[in-house]
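Q: need a 3D model of the sequence below.
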Amino acid sequence: MDEPDLWRELGQQLRVDSVRAAAVTKSGHPTSSMSAADLMAVLLAKYLRYDFANPDDPRNDHLLFSKGHASPLLYSLLKAAGAITDEELLTFRKFGSRLEGHPTPVLPWVDVATGSLGQGLPYGVGIALAGKRLDRLPYRTWVLCGDSEMAEGSQWEAYEHAAFEKLDNLTAIIDVNRLGQRGETMHGWDLDSYAKRAEAFGWHAIEIDGHDVEEIDHAYAEATKTQGRPTVIVAKTIKGKGVKAVENKEGFHGKALDDPDAAIEELGGIRDLKIEVAKPDFDRKPHEFETESLELPTYELGEEVATRKAYGDALRAVGDGRGDVVALDGEVSNSTYAEIFAKAHPERYFEMYIAEQQMVAAAVGIQVRGWKPFASTFAAFFTRAYDFIRMAAVSRANVKLCGSHAGVSIGEDGPSQMGLEDLAAFRAVHGSTVLYPSDANQTARLVEAMVDLDGISYLRTTRASTPVIYDPGEEFPVGGSKVVRSSDDDEVAIVGAGITLHEALKAADALAEEGVSARVIDLYSLKPVDVETLRAAAEATGGRFVTAEDHWPEGGLGEAVLAAFADAEDRPRVIQLAVREMPASGAPAELLAAAGIDAEHIAAAARRLVGAAVRA
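A: Numbering: from 1, shown residues only. Next up is the predicted model:
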């Protein structure tokens, strides 16, 4: 069988297996898989360089299904490559199967979870960046995109960054099958609309018939030879190709075929072609990084230092000691202080400009290759990338995020810049770690700890300079807290973090002058939270707590404290001080007072609790 005939037969096999897989649970997206079958058949049989027996080989190409709903096609490819059996293929979407409705890294050949549309290409940019600038290896990144998802703004962030970085190791393949979920897409089969926009961004664009295997072959060959810019292949295809009952018809998206046996017969029957996929054909090893002894920055007690500045100092320090640490920032590095790392290690710094979705996606792509990415911006702006953060958890990704300029304490910039939702958002992410340091030495220790944390870790830093209250040698384990002030006579516990920890200490001083002893707890780890210390404080103080946070009341520090007592028989009385009204511009001290989270309000709340206990 000559090459074109093999590709055609393989394309039909991929269609048949996509139909068969979806028929198992009568669910899935076989028609979306059938449109791209020829595109993937030629790629698998000739252009992909991948050792399926060794998915961790750093020389392997990377194949991402941005249109993750076409998972039956991906799993059919894995079967054709000999990575999975036909028996496993027919477990598609069954409980306990690795072959989930949308791909996840439960499968070793899947780099990232996809299915939330508009994400695969941004991830591909991150992987391609790692290949060019970090690994320095000539592997290629191939991304299969759907035409519907080209409406997502994240796709165009990816287009711009890929062109700017001259990622000629990246090829996007747009499966233009015209039909979305509820009807025709915005541009239908207007291939020029996709190609011309890509060219305007600086890409090389090729328009083809996505069912003509010779055209597909020529396009891939051209893509691999193009230098200095990424390539997009804009392929006109037919949704449900090969089965007249569904071919190019609306109303069949996300549905198994009504008569799979007839469809399989129409497609020429079941085949069992096995493709000997070419392995990487170069011997170069990844760029090796060095690890040296780590010297964290230290700060003197009483010194005034913003935790955002300590983040920058610590990031540079871990970058000095760990050659696998990478930093990204969203064009605010002179505010987050990531610029300190950028100046020390420019080869491992990525400026992502005002494109937070692409920044987080690039971090996820970079960590696919084993690097340790830290990405920073204002806390408020991570909300733009929240779907990427959520999906990063599905990807089992290990990324470290830092949000600065959080809360009303940032002052005159006003509410558009005040991250007041970030703690709640990050606490809600599966397997996340949420840290909120109160001084510079603590920040440095927590940045060091983040390097090797699994999952999504988030550090919240403060804009204002605050006093250093901890010795440089003090330890701050993740999941811990610090009892900053205590006695055997404590009547109330005050819990704060970041800016409010310092307000809590001032409140405790004022209370002490009145003869009221307050225990002050620095809850620097909001997730996981230090249940043991909180419960000990409840026992010592008769269950009286004041929590103070520069955050909305929902989902932040106060609710983290309450969660520590969710299954306790005796629950404490908690006064939860938080930002409850929409803030405005003003001086930080004015805004803390207006929100009711400054020292005066904290002390007043503690007095109410102690007074109520005395009256009782």
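Q: residue 67 and residue 149 touch, don't they?
A: Yes. Contact status for residue 67 versus residue 149: in contact at 6.4 Å, counting by C-beta atoms under 8 Å. All C-beta atoms are positioned from the backbone trio N, CA, C, and that covers glycine.
Q: list residues touching both of those two?
A: Between them, residue 67 and residue 149 have residue 117 as joint contacts when contacts are counted by C-beta atoms under 8 Å, 6 or more residues apart in numbering.
Q: looking at these two, which is more packed in?
A: More crowded of residue 67 and residue 149, by other C-beta atoms under 10 Å: residue 67, with 30 against 24.
Q: skip the chain neighbours and tell me the closest residue to the more buried one.
A: When the adjacent residues along the chain are set aside, residue 67 lies closest to residue 146, with 3.5 Å between them (C-beta to C-beta, 6 or more residues apart in numbering).
Q: ok, the one you found to residue 111 distance?
A: Separation of residue 146 from residue 111 (C-beta to C-beta, to the nearest Å): 18 Å.
Q: buried set for the lowest-mean-pLDDT helix or strand in the chain?
A: Of all the helices and strands that make up the chain, helix 599-615 has the lowest average by mean pLDDT, DSSP states H and E, namely a mean of 87. Of the residues in helix 599-615, those buried by neighbour count under the rule 16 or more other C-beta atoms under 10 Å are 599, 601, 602, 603, 604, 605, 606, 607, 609, 610.
Q: nearest to residue 178 among those?
A: When the buried residues of helix 599-615 are compared for distance to residue 178 (C-beta to C-beta), residue 601 wins out at 60.0 Å.
Q: low-confidence ranges in this protein?
A: Residue ranges of the chain with pLDDT under 70: 612-616.
Q: show me what the longest helix along the chain is packed against.
A: Identified as the longest helix of the chain according to DSSP state H is helix 3-25. Secondary structure elements in contact with helix 3-25, counted by 3 or more C-beta pairs under 8 Å, 6 or more residues apart in numbering; DSSP states H and E, are helix 30-35, helix 37-42, helix 71-80, helix 86-89, helix 213-225, helix 260-266.
Q: deepest of those helices, which one?
A: Burial of those is given as mean neighbour count (mean count of other C-beta atoms under 10 Å); helix 30-35 ranks first at a mean of 30.
Q: contacts for that one next, please.
A: If you take C-beta under 8 Å, 6+ apart as the criterion, helix 30-35 is touched by 14-15, 18-19, 21-22, 67, 69-73, 76, 146, 175, 177, 210, 237-243, 246, 252-257.
Q: list buried residues within those residues.
A: Here the buried ones among the contacts of helix 30-35, as counted with 16+ other C-beta under 10 Å, turn out to be 14-15, 18-19, 21-22, 67, 69-73, 76, 146, 175, 177, 210, 237-243, 246, 252-253, 256-257.
Q: strands along the stretch 151-300 of the chain, start to end?
A: Secondary structure of the stretch 151-300 of the chain (DSSP state E, counting those that start in this stretch): strands located at 170-176, 204-209, 231-236.
Q: about what we covered before: turn the helices and strands packed on helix 3-25 into a markdown table, including distance to residue 586.
A: Compiled in a markdown table, the helices and strands packed on helix 3-25 are given as follows (distance: least, C-beta to C-beta, whole Å):
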| stretch | distance to residue 586 |
| --- | --- |
| helix 30-35 | 52 |
| helix 37-42 | 57 |
| helix 71-80 | 51 |
| helix 86-89 | 61 |
| helix 213-225 | 55 |
| helix 260-266 | 65 |
